[in-house]
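> I would like the atomic coordinates for the input below:
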Amino acid sequence: MIPYVRDIQFEYGICDQVSPLIRRVVARNPGPFTFMGTGTYIVGRGEVAVIDPGPDLPEHLEAILAALEPGERVTHILVTHHHSDHSPLARPLKAKTGAAIYGCAVGAAAEESTIRTEAGADFDFAPDISLCGGGQVLEGPGWTLEAVATPGHTSNHICFALKEENALFSGDHIMGWSTTVITPPDGDMTDYMESLERVKARDFDILWPTHGPPIREVKPFIEAYAAHRRAREAQVLAAVGEGYERIVDMVPVLYAEVDSRLHPAAARSVLGHMIDLVRRGKVATDGPPSIDSRYRLAG
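Residues are numbered from 1 along each chain as shown. Okay, here's the model as predicted:
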């Protein structure tokens, strides 16, 4: 079972010092995909980096600017991915500060879906400086941030490792309050599981998700996160083995405890597992895997 952490103390628009090098301002955009809202992080002193500026809300822009101390300036704007609760405020913040925007541009696989599984997408997001693939190091006075490629939630998802505190700004890749949505074609379960292992291997002391409180017991949390995915995969395989050929038929069984209004979104998650299982030769289908495909055990 995932040891969720959901207790977070804050006031909208108020800047909190949450670690020696990190400040946080939470946007007033609570919802089913954002928990209490987008947590925008300010890293460093004097010359600072802003991570995930958030939705295009004028009041949140003003709150970020008000969080700066006299004489401070924003030199880097970092974006984990292109969803509407993360990236849209980047351009208005750049207009106010002159800082460059860093991130990975929207991939060709990103598409609008009639099934709501996220807070929306900022398809126009394009950084000034690309961090696709990760590995790049950004520096300011007293802080060092490394881009860590973590595709899976989206193809362009980037986390940021803060060297001085052995911390990771995990975006939506790992969240304490909920599991992460994986919606094909831009979301990819194979990539996601590999990215989880990559983060676990780094042995971070703390994770700072964009939504919700920090995760302080990092390794057991990631292990539980991965175990949850493997358990769902086993359920999908069992359903196929029991003769459920179509995703639409197995979702009410696999998600019997979930509000039926959420079943269309759950079907997208099952599709993510199916694509991964077909790649690994455990499940077979005729043609490319899709929501409407008929599936069978391979071999």
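> what are the buried residues along stretch 86-95?
86-94 (16 or more other CB atoms under 10 Å). All C-beta atoms are positioned from the backbone trio N, CA, C, and that covers glycine.
> what do you get for stretch 161-177?
Burial within stretch 161-177, assessed by neighbour count using 16+ other CB under 10 Å, is assigned to 161-162, 165, 167-177.
> save the buried residues of stretch 86-95 as TSV, and put in pLDDT and secondary structure too.
Shown next, in TSV, are the buried residues of stretch 86-95 (pLDDT from 0 to 100; DSSP: H, G, I helix; E, B strand; the rest coil):
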residue	pLDDT	secondary structure
86	98	coil
87	98	coil
88	98	coil
89	98	coil
90	98	helix
91	98	helix
92	98	helix
93	98	helix
94	98	helix
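> mind putting those into TSV with distance to residue 285?
Shown next, in TSV, are the buried residues of stretch 86-95 (distance: CB to CB, whole Å):
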residue	distance to residue 285
86	33
87	34
88	37
89	41
90	40
91	42
92	45
93	45
94	45
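> out of the residues you listed, flag the one nearest to residue 298.
residue 86 (37.5 Å; CB to CB).
> correct me if wrong, but residue 224 is in a strand.
No. In this structure, residue 224 is helix, not part of a strand, as judged by DSSP: H, G, I helix; E, B strand; the rest coil.
> any idea of the pLDDT on it?
Looking at residue 224, its pLDDT reads 98.
> residues touching it, list them.
Counting by CB atoms under 8 Å, 6 or more residues apart in numbering, residue 224 touches 1-3.
> highest neighbour count among these?
residue 2 (15 neighbours; other CB atoms under 10 Å).
> just give the nearest non-adjacent residue to it, would you?
residue 224 (4.6 Å; CB to CB, 6 or more residues apart in numbering).
> part of a strand, is residue 181?
No. Residue 181 is assigned coil when assessed by three-state DSSP, not a strand.
> ok, it touching residue 262?
No. Checked against CB atoms under 8 Å, the pair residue 181 and residue 262 is beyond contact range at 11.2 Å.
> between the two, which one's more packed in?
residue 181 (18 against 14).
> next one: that one from residue 237, what distance?
Distance, residue 181 to residue 237, by CB to CB, to the nearest Å: 21 Å.
> report the contact partners of residue 139.
Here residue 139 is in contact with residue 145 (CB under 8 Å, 6+ apart).
> bridged to it, which residues?
For residue 139, the beta-bridge partners under DSSP bridges are residue 144.
> any idea how far residue 218 is from it?
Applying CB to CB to residue 139 and residue 218 gives a distance of 24 Å.
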